[in-house]
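S.K.: here is a sequence together with a model predicted from it:
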Amino acid sequence: MLISYNWLKKFVNLSDSITVEEVAARLKATTVEVEGTKKQGELLNNVVVGKVISAVKHPNADKLKLCRVDVGNEELQIVCGGSNVSEGMLAAIGKIGAKVQWHGEGELIELAPTKIRGEESFGMICASDEIGLREMFPAKGEKEILDLSNLADKKNIVGVPLAEVLGLNDTILEIDNKSLSNRPDLWGHYGMAREVAVLFNRDLKKYETAKIKPGKDFKLKVEIEDFKLCPRYMAVAVSGIKVGPSPKWLQEKLLAVGSNPINNIVDITNYIMLELGQPLHAFDAAKVGNKIGVRLAKAGEKFVALDEQEYILSGSDLMIVSDNKLLGIAGVKGGLESGTYVDTTTVIFESANFSAAGVRKTSTRLGLRTDSAMRYEKNLDPNLCEVALQRAVELALEFCPEAKAVSKVVDEKKFYLATGPIELPSDIFAKKLGVDIPQKDILNILSRLGFEVKPKKNSFLITIPTWRATKDIAIAEDIVEEVARFYGYENIPAVLPSFPINPPEANELRNLERNIGETLVKNLGYNEVYNYSFVSDIQVGKMGDDLKKYLELDNPLSKERPFLRRNLLPNLLENVENNIENYPEVKIFEIGKVFSTKQSGLRLDSNGDSLLPKQDTWLAAMYAGKKDSTPFWQARRALENIFAELKTEFQILPADLVQPWEHPTRLALVACGGETLGVICEINPLVAQNLGIEQRVGVLQLNLSLLIQVLSKQKDKTNYKPASIYPAVTRDLAFLVKKEVTHQQILKVLNKSSDLLKDVELFDVYEGNKIGDGYKSMAYRLTYAHSDRTMTADEIDNAVKKAGGLVKKEFDVEIR
Amino acid sequence: MQSKFEQLKTEALLAIKSVSDKIQLEDLENKLLGRKSGELTNLMKGLKDLTDDARKVIGVVANEVKKDIEMAFANKKNELLNLDWAAAVEKERVDITQPTLPHSERGTFHPNTIIQKDLEDFFTSMGFVVLDGPELESDFFNFTAVNVPENHPARDMQDTFYIKNHPGMVMRTHTSSMQVRSMLKQGAPLRAIVPGKCYRNEATDPRHEHTFYQLEGFVIDEHITFAHMKGVLEAVAKHLYGADTQVRLRPKYYPFVEPGVNGEVTCFICKGKGCRVCKNTGWLEIFGAGMIHPNVLKEGKVDAGRYQGFAFGLGLTRLAMLKYGIEDIRHLESGDLKFLKQF
């Protein structure tokens, strides 16, 4: 929202010693987000009003025109690219020396005589954004120059500086609308002036309006179907209207805050909205008749609004009607047919209050975020209707000498405002804020803001002003905020609270995430990635998974990735695809939540029985190397390292079910403490190729939510024993076995072979053309020791022989 | 006999002196001192044929001579070693600028993880618990419970992802969704932070992401005041940006707090002078905060008459971007190793 500093000064006496920058800074610190201040006409030096005498096609360019322009004391030749430049037009002429801004951005450029495609040009016919007037005169097209032909007072203005013609001596404060979302009272200049008055300890001028002298000729009647949707509807008919341009002062005010003047009646309604925050509407009485109704639309009803668009209504849209004719969408937009035009002679001013939720719903659904709707959405004070209507009639009578009210002032209303009084303990400010604010400051701040405060013995009795009572201020804390804001947050000390030194309960999941992250990053050189939680149907399809198992966003940003990931693989695989070109190997991992359609233990609300979908935290570590054809082992390595750091044993189990993306013979389940909680595998190469990955990809996946539960029941596996002082002896044994024989099987046999055998380590596995097809060589290092004495050579030889013999007996092996 | 010893000594010392390498020296040592037929050894063997008196006298001389020769050998050996070493030193020179090969491998953490860990540790040191919560959240905990009822304009401020066929569910738009959950679970007093992933239905560009990370914190106890909120936020700011960092609070409307503020810190890049990063204001907005609204305490079944508290939210993503000068938010979720390997 734009706020005119001059307009503010109408209501608060701000001496010249106070600068607009100060006002902006104080407002920013206390009330709203001021995004900037802009002095009007900053870029208008050497810019004058000129009249285009002729505009002919540039001899050497299709899109340029060669113009002769009268700038008062001389005639200039100017080359112009404006799409709308035409003979007789009044335009903003940047003379030599003027500083303009291309497209309203970046450095200022000083105009100098130049040649454009061979033709001399002495200045520029400007577009509004080139001279800082974008807000005042928004251009409709990119190449549109500023057309001043419709200015209210255009007599003898050729050659006059544009700043003077436009009355530009104001400064505009740009307010972020979002920072006003809880303050209906600040959506007009008067409300903003009230804050400024308190900030600078000045008096706020009373907003005075004359009572409307009612007439009798026009029998105006208003019927409201539901006062919840329309708590108040005021209207009055005024005849003797002559529609025409509004006076220059009013046009200037509107233009200053970016509202385009239309005609005197429409301008009155806009002006009052910008001043008081109360939207108004003016109907042409001839099109309305004397009966106005406020009712819900019938679903499917069609309505053509002032913007000439047709809207299809729903049963929850509140409409202004006359008999069965639709006049306007309540609080959102008026109708095309019933608007005020040149031939209008009698108008009906509407000054009404509509429910915030209703207006919001309709305006959102129809995409009509009008100035009016924006204000109603904030819960306006119904009391504003009266003063706004009075002001509208006052101005109409001022602008049209023959105008007079011809109906009574209709006022249908049913509303209640919770203005209190509410009782506040007087120590509440100290209790909430942690600082003692003198009582006189509290009283001063509140009363200047319009609160009525009655101090009692240990409390205050506070009545809320109506303009703050619609929603904004309802409880003690709201009033504490008012006092704190104006007392100044900078004046409240920063104090650290004291607590008992209870150690915080550890977050085991977070600790596990950290532990695993450290292992992967520091021991194994993995890089952590973050991915979106969303996947596409194409990704799911290429993985061979079933879309039905996925939760889906109702309103995804793009149709591209509407599904909630069920595991971390699809996006990680995409990461591999995107990175493998640049690196000999890609080692990445992600820890994050995945979403299942199953329910979990977390409740949807505080008392119902419905539960949220399960959202476990998983780890996925992925490896792909250009030279690695069996990255299964990298996944296994990650697994081993992780559990070694956790000081916990894991078990490997055969998978009973193969997911479509898993390599069936390079796949195993990971279990710990009897729970299956992960998978190591290679990605099925057919799936990988489908995803654009030529390399083999190894993956470890662990359900960390499950793992913390298991770990909480486990003990540290470290089992200390004093080292033997007698020497240990190692011997190597290699077996040539059939490929199907597993390490686990051999290990089991070896471990039974001798009490002296303390450790068995597999140190080499060989498959290849040096040994027969279907065979592999497995080499073990056996460590023998005795705790009480040195072993004899025979003892060891016998033990090794036995070990070999047992393996030979059990499997069809050859000892090498 | 004595003169023979003297002569041998003179000759030996001369010979030792003229030796120029280790092998010659070894040969010479063998020739003179060899156990079986060394010249000195042989001469010493002759001592046993002397009379007792003569042996006494000559023996002393012989031992002196032996000692001197041995010493000469030792000195010469040492001299040769030093010469060798001097010659070798240059050959042994290593390139001290060369890194160890093969390179030791170390991976990287995501920048957000780095920031998050740092803050988790900081808050844990002040006695906060670290909580986690569902990302797919109920409309109730994300909005209604934190004082954002249906049709509240604040729902506009946070464009929300909804879930098909699950009307009561949203992708959480902020970590504030955990406020009431944790109150219900743990009750008051409570000191907690909730770092985590949040979602908004917002088109992505260099400065906007539909996926981002927040860190929510809240303190509920008897006698917790606005001044305490300021104290804690100042402690966070100083932890992040140094002891002379200042905090500025300005009013800002959040439905779940009253009063609500936004918090700015002096720009750590220009120290408040004004620069491109702080858009020449000297201040960086890094958090929102406020005193927890009594309605929120009520939803959490916390006695709002007895307890009060404050809550704050930090944009972790924003902190990471500021810390490392990351120019485009989309890098963070790109999975691009060229980006990630830098942290």
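M.R.: Nice, thanks for sending it over.
S.K.: how about residue A:88, nearest residue that isn't a chain neighbour?
M.R.: Using C-beta to C-beta, 6 or more residues apart in numbering or on different chains and skipping residues adjacent in sequence, the residue nearest residue A:88 is residue A:52, 6.6 Å away. For the C-beta atoms, the positions are set from N, CA and C on the backbone; glycine is no exception.
S.K.: the stretch 351-500 of chain A: helices as residue ranges?
M.R.: A:356-366, A:371-376, A:384-399, A:428-433, A:439-448, A:476-487 (DSSP state H, counting those that start in this stretch).
S.K.: mean neighbour count for those - can I get that in TSV?
M.R.: Shown next, in TSV, are these (neighbours: other C-beta atoms under 10 Å in any protein chain shown):
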stretch	mean neighbour count
helix A:356-366	21
helix A:371-376	22
helix A:384-399	22
helix A:428-433	19
helix A:439-448	16
helix A:476-487	22
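S.K.: turn those into CSV, columns for mean pLDDT and distance to residue B:225.
M.R.: Converted to CSV, these look like this (pLDDT from 0 to 100; distance: least, C-beta to C-beta, whole Å):
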stretch, mean pLDDT, distance to residue B:225
helix A:356-366, 93, 33
helix A:371-376, 96, 35
helix A:384-399, 97, 36
helix A:428-433, 96, 6
helix A:439-448, 94, 16
helix A:476-487, 96, 11
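S.K.: can you add distance to residue A:64 and give those back as CSV?
M.R.: What follows is the helices of the stretch 351-500 of chain A, written out as CSV (distance: least, C-beta to C-beta, whole Å):
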stretch, distance to residue A:64
helix A:356-366, 42
helix A:371-376, 38
helix A:384-399, 43
helix A:428-433, 65
helix A:439-448, 59
helix A:476-487, 55
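S.K.: what residues of stretch A:636-656 count as buried?
M.R.: A:636-639, A:641-643, A:646, A:648, A:650 (16 or more other C-beta atoms under 10 Å in any protein chain shown).
S.K.: list the contacts for residue A:236?
M.R.: A:212, A:214, A:220, A:348-349, A:389, A:393, A:405, A:407-410 (C-beta atoms under 8 Å, 6 or more residues apart in numbering or on different chains).
S.K.: swap in 7 Å and give it another go.
M.R.: Neighbouring residues of residue A:236 by C-beta atoms under 7 Å, 6 or more residues apart in numbering or on different chains: A:212, A:349, A:389, A:393, A:405, A:407, A:409-410.
S.K.: from those, which ones fall inside strands?
M.R.: A:349, A:405, A:410 (DSSP state E).
S.K.: out of these, who's nearest chain B?
M.R.: residue A:349 (27.5 Å; C-beta to the nearest C-beta).
S.K.: which parts of the chain belong to which domain?
M.R.: Defaulting to chain A. A:2-40+A:171-199, A:47-165, A:221-413, A:422-490, A:508-713, A:729-815 (automatic domain parsing).
S.K.: that answer is for a different chain, and I need it for chain B
M.R.: With domains defined by automatic domain parsing, chain B comprises B:2-91, B:111-340.
S.K.: which stretch among the ones you listed comes nearest chain A?
M.R.: Of the domains of chain B, nearest to chain A by C-beta to the nearest C-beta is domain B:111-340, at 2.9 Å.
S.K.: next one: that closest one to chain centre, how far?
M.R.: Remark: domain B:111-340 is offset 26 Å from the chain centroid, using C-alpha atoms, centre = their mean, to the nearest Å.
S.K.: quick check, residue A:777 in a strand?
M.R.: Yes. The assignment for residue A:777 (DSSP: H, G, I helix; E, B strand; the rest coil) places it in a strand.
S.K.: once you drop chain neighbours, what's closest to it?
M.R.: residue A:766 is the one closest to residue A:777 (C-beta to C-beta, 6+ apart), at 4.4 Å.
S.K.: for residue A:175, same thing?
M.R.: That would be residue A:1: by C-beta to C-beta, 6+ apart, it lies 4.7 Å from residue A:175.
S.K.: hmm, back to that, of all the domains of chain A, which lies closest to residue B:114?
M.R.: Residue B:114 lies closest, by C-beta to C-beta, to one member of the domains of chain A: domain A:508-713, at 9.6 Å.
S.K.: per-residue confidence for residue A:132?
M.R.: Here the pLDDT value assigned to residue A:132 is 84.
S.K.: picking up where we left off before, now the ones in strands among the contacts of residue A:236 in CSV, with neighbour count?
M.R.: Output for those, formatted as CSV (neighbours: other C-beta under 10 Å):
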residue, neighbour count
A:349, 27
A:405, 23
A:410, 18
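S.K.: now, which of the residues you listed sits nearest residue B:132?
M.R.: residue A:349 (57.6 Å).
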